[in-house]
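> 3D model of this:
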Amino acid sequence: MADKKDKTLSYRRATWFNENSKSIDLQSCIKEATTKLKSIDDRTIKRGDDKLVKLLKLSNDKNGALLLHLTIETPGEAASIVPSLKDVDNADVATTMPPEETEFMDGDAFLYVRDDDVCLCSTLVRDGAIKYFLYELFKKAKIRKDSNKFDLVKVADIDKVMLLHAQGVKEVVIKSTIYEATAQYARRKSQAAGILGSLSKNLKAFWGNENDVNQDSLHVLLEIKTDARRKGLKLGEERIEALAEDLLRNTEYNDDFVIITKEGQRIGPEEIYIRTKVGVKANGKSVDRDSAWKELSTFFNTLESIGATVQ
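The predicted structure is shown next:
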């Protein structure tokens, strides 16, 4: 069994839709609800599909954030098992019931919550399941009635240029269309200026209008990256970063692109997908709780240092 599992950590922000969004935050709602619902039984929510979602563990980190471990189970459900047989041609999958006083886990999620900032590490648990659990938990605890008027959203309003300069650029992926007429024109006008140097200034000469309808058009996926195997490529790194900044600053570029930073963050034309991959100590089909919480705390501190958590 592997000592660590590769997990994706992602960042969300609770956005409120009540009359006074400044009067409430997600962390205070969780704290108030769990103060009233102290036991695991109290903090168990039954979903419409008969699955149970439990807040199995609640803690605080040294910076005052809340740490949560949510689990999902289907009561009484058996698990499929594969027989370990030798010298046979065929075999059937069997099932087994969980040990007494336990249930098989369908998935789990680890959360780091500070004010309205939420960092997630999950196994087979989607954002919607987490939101539903919190909605129902707040309702069960009978805290303020507008505590369910929030959504967990991706970040779209931080300074993208600041983010790419803080983390550096690993790769730029551009999706566009080349048309025969514009390509021929570009070939007549082209000069040997170096591909990376010319890309940031002249790529649009190669691209047609996305509303044109030409049967001879070519769809192009262009990936630009530095060679990680070679050292001392400062000039190449500076050029790819300049290209990325050019794409972000020039709003007339209507082509689809993704900038991937060295930390694994993905920046698109409209939205930033803040996430990263880390190795977390394995624990069966999931990961170790304390290791996951530690990685989430480090992830949040990194985001805070580059201004990604600023409203």
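> From here on, just use CA atoms for contacts and neighbour counts.
Fine.
> Run through the stretch 201-311 of the chain and note the low-pLDDT ranges.
201-220, 227-235, 251-255, 271-272, 311 (pLDDT under 70).
> That one: strands as residue ranges?
218-225, 256-261, 266-267, 272-273, 275-283, 286-287 (DSSP state E, counting those that start in this stretch).
> want to try JSON lines for those strands, with distance to K142 as columns?
Below are the strands of the stretch 201-311 of the chain laid out as JSON lines (distance: least, C-alpha to C-alpha, whole Å):
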{"stretch": "strand 218-225", "distance to K142": "52"}
{"stretch": "strand 256-261", "distance to K142": "43"}
{"stretch": "strand 266-267", "distance to K142": "39"}
{"stretch": "strand 272-273", "distance to K142": "34"}
{"stretch": "strand 275-283", "distance to K142": "34"}
{"stretch": "strand 286-287", "distance to K142": "32"}
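> can you list the ones you listed in JSON lines and add distance to I240 and mean neighbour count?
Shown next, in JSON lines, are the strands of the stretch 201-311 of the chain (distance: least, C-alpha to C-alpha, whole Å; neighbours: other C-alpha atoms under 10 Å):
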{"stretch": "strand 218-225", "distance to I240": "7", "mean neighbour count": "13"}
{"stretch": "strand 256-261", "distance to I240": "10", "mean neighbour count": "22"}
{"stretch": "strand 266-267", "distance to I240": "14", "mean neighbour count": "22"}
{"stretch": "strand 272-273", "distance to I240": "19", "mean neighbour count": "19"}
{"stretch": "strand 275-283", "distance to I240": "21", "mean neighbour count": "17"}
{"stretch": "strand 286-287", "distance to I240": "36", "mean neighbour count": "22"}
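> Looking at those strands, which is nearest to F133?
When the strands of the stretch 201-311 of the chain are compared by C-alpha to C-alpha, strand 286-287 sits nearest F133, at 19.7 Å.
> quick one: strands adjacent to the closest one?
Strand pairing for strand 286-287, using DSSP bridges, gives strand 275-283 (antiparallel).
> Need the residues that contact the partner strand.
The contact list for strand 275-283 (C-alpha atoms under 8 Å, 6 or more residues apart in numbering) reads 2-11, 263-266, 287-288, 291-292, 295.
> ok, how many other residues are close to the residue nearest to L26 when sequence neighbours are not counted?
Spatial nearest neighbour of L26, excluding adjacent residues (C-alpha to C-alpha, 6 or more residues apart in numbering): D116 at 5.2 Å. Neighbour count of D116, defined by other C-alpha atoms under 10 Å: 19.
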